[in-house]
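A.B. asks: Predicted model and sequence follow; I will ask about them next.
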Amino acid sequence: MPKIKEIERTPNPDAMRFVLGEPLTNGVTRSFENSGEAEQDELAKTLFSIDHVINVYYVDKYITVTQDGKAVWSELLRKLAPPIREATPQLELTEDEEVHASREVQDSDDPRLIQINQLLDEQVRPYLLADGGGLKIVGLDGNRLKVHYQGACGTCPTATSGTLYAIESMVKRIDPEIQVISV
């Protein structure tokens, strides 16, 4: 059973990040945007059963829970803590192959996508994880790179403004014609 070491605020006022004493997964990222996606995951399913929870994201020793903005955090945290403490480590999980890039992106032979994904792995995703979220490349349609924010980043006001522009600036070093849009 994981021990909650800390509960941290994220840049998103509607998301909190739980830091655990031991890993819940062995580097595998799990991202759920609704209760339907969480049906096969006991922890996420339990967290979604709590009123106001709209997103669950976890990897290693971190769990980020996003609420709909209608709950008082002090009350919601008391409901979230027990199922997180009771969660069983899932060290045998394998990575969802599409957690960081869609199948379309993975199957593409466009060298720009390979470079962009590597750039995001090295320079963006670690910082988003520190803020309780992640980023998935959905596709490249002409010169429009479609990305999808995960976890706390999904509903964070700064993700769709500052972070998106920073990503676009980095991506423009690979191809100055690319525009980055959040979907």
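C.D. replies: Great, that's in hand.

A.B. asks: tell me which element Val99 falls in.
C.D. replies: Using DSSP states H and E, Val99 sits within no helix or strand.

A.B. asks: The residue lying closest to it once chain neighbours are set aside: what's it in contact with?
C.D. replies: Leaving aside its sequence neighbours, Val99 sits nearest to Thr29 (CB to CB, 6 or more residues apart in numbering; 4.8 Å). C-beta here means a position set from N, CA and C on the backbone, and glycine is covered the same way. Residues counted as contacts of Thr29 (CB atoms under 8 Å, 6 or more residues apart in numbering) are Tyr57, Tyr58, Val59, Glu95, Asp96, Val99, His100, Gly134.

A.B. asks: Tell me the helices and strands packed up against the helix-or-strand element of the chain with minimal mean pLDDT.
C.D. replies: Least confident helix or strand, the chain: helix 103-107 with a mean of 89, by mean pLDDT, DSSP states H and E. Using 3 or more CB pairs under 8 Å, 6 or more residues apart in numbering; DSSP states H and E, the elements in contact with helix 103-107 are strand 133-141.

A.B. asks: separation between the residue nearest to Ala71 when sequence neighbours are not counted and Ala87?
C.D. replies: Once flanking residues are discounted, Ala71 sits nearest to His52: 3.9 Å by CB to CB, 6+ apart. Going from His52 to Ala87 by CB to CB, to the nearest Å gives 19 Å.

A.B. asks: burial measure for the residue nearest to Ala71, as a count.
C.D. replies: Counted by other CB atoms under 10 Å, the residues lying close to His52 total 16.

A.B. asks: Same question for Gly134.
C.D. replies: A total of 24 residues lie near Gly134 under the criterion other CB under 10 Å.

A.B. asks: I figured it was touching Gly151, is that so?
C.D. replies: Yes: contact criterion CB atoms under 8 Å: Gly134 and Gly151 qualify, at 5.7 Å.

A.B. asks: dump the residue contacts of Ile63.
C.D. replies: Applying CB under 8 Å, 6+ apart, we find Ile63 in contact with Arg17, Phe18, Leu20, Leu24, Leu43, Val56, Tyr57, Ile84.

A.B. asks: what ranges of the protein fall below the confidence cut-off?
C.D. replies: Within the chain, the ranges that satisfy pLDDT under 70 run 1.

A.B. asks: The helix or strand containing Ile63 relative to strand 133-141, how many degrees between them?
C.D. replies: Assigned by DSSP H and E, Ile63 belongs to strand 62-67. Between strand 62-67 and strand 133-141, the angle comes out at 80 degrees (axes from the mean of the first three to the mean of the last three CA atoms, to 10 degrees).
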